[in-house]
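S.K.: test case, fold it:
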Amino acid sequence: MKPRTALLLALVFAPAATAADWPQWMGPHRDAVWAETGIVDRLPPQGPKVLWRTAVGVGYAGPAVAGNRVFVADYLTTDKIRNRGDFNRDAVAGTERVLCFRADKGELLWKHAYPCRYTIGHPDGPRRERSHHTD
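M.R.: Here you go, the predicted structure:
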C-alpha cells in the first residue's frame, strides 16, 4: 500500500511551530483549548501558505508538537487491507514507525521503525488497541 500523502502540517501546525506546544492528544491540558492570541480572523481565499508536506502511512494518532519538533506515528502494511470494513481480525503484517520532523522546515530528523502484526478489526495504524510486535 502506498503511504498516504496530505500531512499538511502547515495547515494545522504552522502557528504551533512558533507558539505554544501541542504535545499530546487534545493539547497541553487535554481540553482541546487553543489559547493562542494574534491569530488571523479569516484565512486567505487560496488558504494558508503551505510550509512543507510529507508522505506518511496510515494511523489514528495525531501529530504532537513540542519545541521545533513534530512527532507522527504511522503504519506501513505489506498486506492489502484497504476497504476491509468487515471487522475481520486476521493478522495483518506491516511496520509501525515513529517519525520526528523539524517543525519549521519539515526535515526528517529521525525515525524508529519496527515490524508489527495487527490482529484488530480496522488495522489502519497505531492506536491504543492490541497489536503484536514481532521484533
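S.K.: doesn't residue 22 make contact with residue 35?
M.R.: No - using C-beta atoms under 8 Å, residue 35 is not in contact with residue 22, being 11.0 Å away. Yep, even glycine has a C-beta here, placed from its N, CA and C like the rest.
S.K.: the more surrounded of these two?
M.R.: Each of residue 35 and residue 22 has its neighbours counted (other C-beta atoms under 10 Å); residue 22 has more, 20 against 10.
S.K.: phi, psi of that one?
M.R.: Dihedral angles of residue 22 (phi, psi; degrees, to the nearest 10) stand at phi -130, psi 70.
S.K.: surely it meets residue 70?
M.R.: No - taking contacts as C-beta under 8 Å, residue 22 lies outside contact range of residue 70: 9.4 Å.
S.K.: quick check: the gap between residue 78 and residue 117.
M.R.: Taking C-beta to C-beta, to the nearest Å as the measure, residue 78 falls 10 Å from residue 117.
S.K.: meant to ask about residue 70
M.R.: Using C-beta to C-beta, residue 70 is found at 27 Å from residue 117.
S.K.: now residue 62
M.R.: Residue 62 is 24 Å from residue 117, by C-beta to C-beta.
S.K.: quick one: the strands in this structure?
M.R.: Taking DSSP state E as the test, the strands found in the chain are 4-7, 54-56, 64-66, 69-77, 92-102, 108-118, 131-133.
S.K.: and for residue 115, the neighbour number?
M.R.: Applying other C-beta under 10 Å, we find 13 residues neighbouring residue 115.
S.K.: bridged to residue 93, which residues?
M.R.: Residue 93 has these beta-bridge partners by DSSP bridges: residue 117.
S.K.: if we can go back for a sec, quick one, which of residue 70 and residue 117 is more surrounded?
M.R.: Ranked by neighbour count (other C-beta under 10 Å), residue 70 and residue 117 place residue 70 first, with 26 against 15.
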